[in-house]
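Visitor: Any chance you can model this:
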Amino acid sequence: MIGIMKIGCFPYDTTRPLIESAGVETAATLPEIFERTVRGEFDVAELGLTFHLRLLEEGTPYVALPIFPNRVFRHSCVFVNTRSGITGPGDLTGRTIGEFGTYGQDSGVWAKGILMDEYGFEPETNRWVIGGLEHPSAPFGFIPHPHPGAVDVTPAGPGKTLNDMLATGEIDALFSANVPQCVLDGHPDVARLFPDFVARERDYHRRTGIFPIMHTVVARRDLLRDDPGLAGRVYTMFEAAKDAAAERYRRGRRLYQVQTMLPWTNALVDETLDEFGEDWWPYGISANRATLDTYLRYHHEQGLSSRRWQIDEIFAPDLLGT
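Guide: Predicted coordinates for the structure are as follows:
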């Protein structure tokens, strides 16, 4: 047991067993979890990697644990207005691009980095507009907003939403962790940069071994100092919840995943196991070292951190061997 602590995270299938058994707090949105964490409301909480790294630059009361409740391939997260003439990555040069909340959300760090590595993308050639996706909002007020001086970053402005700006062509493209409503509604002028994103993401994983990590879990530094075994117990607790979720998918193969509403889920689980192995969502450092190193490189290359952080500076020392 980890004693009486205030824990916050989003209700993923990897965390639901923990939420149900330990009374973990959740929120309607991830930014709400992040803001409450930054304001010191939690002892242990989920936090976006870039949010944690930005706070490290200023000093933070939290230490990261190698627990990764949110990871998503990000070729799928770039949306374009088709009337802008963008048909491939090379057409992004000189465009106006939207991003939710801050320049360099975790999804944006990955998307920019992959485009830079594989397609020669240069973020400094673009004008970046930061705002709310479906509701007008200013850039996040609870974190720093670093970016290189050569990169043009401006707020979307009063009453503006990135969803509407993409649909009308006021922005040419959008880097978004969430699918904008205009895409869900089938707007005729909006599409993904990579319509074949599944094939591209599978190819990317096979070539690099990288399954992009968005979020980690952080714990208060003073609590870890006062209780040397706490980091390990929190790690074990989250890993057990994740393993329980994975086991439900494995057991569900026998019944063709009938507990879900999606046809062919069973085939997708089979394909995932074939491609990733039994532990397709690993926690710990060793299984994620290449992914974490790549993210830290992207973060520095994009001017979001003043130096390139190293893994052993980010995570709790007693969990570096995981």
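
Visitor: contacts, neighbours, all on C-alpha from now
Guide: Fine.

Visitor: Quick one: residues contacting Tyr12.
Guide: By Cα atoms under 8 Å, 6 or more residues apart in numbering, the residues touching Tyr12 are Pro69.

Visitor: and it, helix, strand or coil?
Guide: Three-state call for Tyr12 (DSSP: H, G, I helix; E, B strand; the rest coil): coil.

Visitor: per-residue confidence at it?
Guide: At Tyr12, the model reports a pLDDT of 94.

Visitor: Thr125 too?
Guide: pLDDT, Thr125: 97.

Visitor: ok, it to Thr96 distance?
Guide: For Thr125, the distance to Thr96 (Cα to Cα, to the nearest Å) stands at 9 Å.

Visitor: Which of the two has more residues huddled nearby?
Guide: Shown here are Thr125 and Thr96; by other Cα atoms under 10 Å, Thr96 has more neighbours (20 against 15).

Visitor: you'd agree the more buried one is up against Trp128?
Guide: Yes. The pair Thr96 / Trp128 is scored as a contact, 5.8 Å apart, by Cα atoms under 8 Å.

Visitor: my guess is Arg83 meets Gly169, correct?
Guide: Yes. Counting by Cα under 8 Å, Arg83 touches Gly169, with 7.3 Å between them.

Visitor: More neighbours: the two, which one.
Guide: Using other Cα under 10 Å, the more surrounded residue of Arg83 and Gly169 is Gly169, with 17 against 14.

Visitor: Strands along the stretch 101-250 of the chain, start to end?
Guide: Remark: strands assigned in the stretch 101-250 of the chain by DSSP state E, counting those that start in this stretch are 127-131, 152-155, 173-175, 190-192, 215-220.

Visitor: Of the ones you listed, flag the one that's most buried.
Guide: Stretch with highest mean neighbour count among those: strand 173-175 (a mean of 28; mean count of other Cα atoms under 10 Å).

Visitor: three-state assignment of Glu57?
Guide: Put simply, Glu57 is helix when judged by three-state DSSP.

Visitor: Return the distance of it relative to Leu47.
Guide: Going from Glu57 to Leu47 by Cα to Cα gives 15 Å.

Visitor: try Tyr62
Guide: 10 Å.

Visitor: Now do the shared contacts for the two.
Guide: Val218.

Visitor: mind checking which helix or strand Ala64 is in?
Guide: For Ala64, the enclosing helix or strand under DSSP states H and E is strand 62-65.

Visitor: how about the helices of the stretch 151-300 of the chain, start to end?
Guide: Secondary structure of the stretch 151-300 of the chain (DSSP state H, counting those that start in this stretch): helices at 162-168, 181-184, 197-208, 221-226, 230-252, 265-276, 289-301.

Visitor: Can you tell me which of these is most buried?
Guide: helix 162-168 (a mean of 22).

Visitor: quick one: contacts of that helix?
Guide: The contact list for helix 162-168 (Cα under 8 Å, 6+ apart) reads 80-81, 98-100, 131-134, 156, 171-174, 180-182, 187, 189-190.

Visitor: In ChimeraX, how would I select just the buried ones from these?
Guide: ChimeraX command restricting the contacts of helix 162-168 to the buried ones, with burial defined by 16 or more other Cα atoms under 10 Å:
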select :80,81,98,99,100,131,132,133,156,171,172,173,174,180,182,189,190
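
Visitor: Who has more neighbours out of Glu57 and Leu47?
Guide: For Glu57 versus Leu47, neighbours defined as other Cα under 10 Å are more numerous around Leu47 (27 against 14).

Visitor: so that one sits right up against Val218, yeah?
Guide: Yes. In this structure, Leu47 is within contact of Val218 by Cα under 8 Å, at 6.7 Å.
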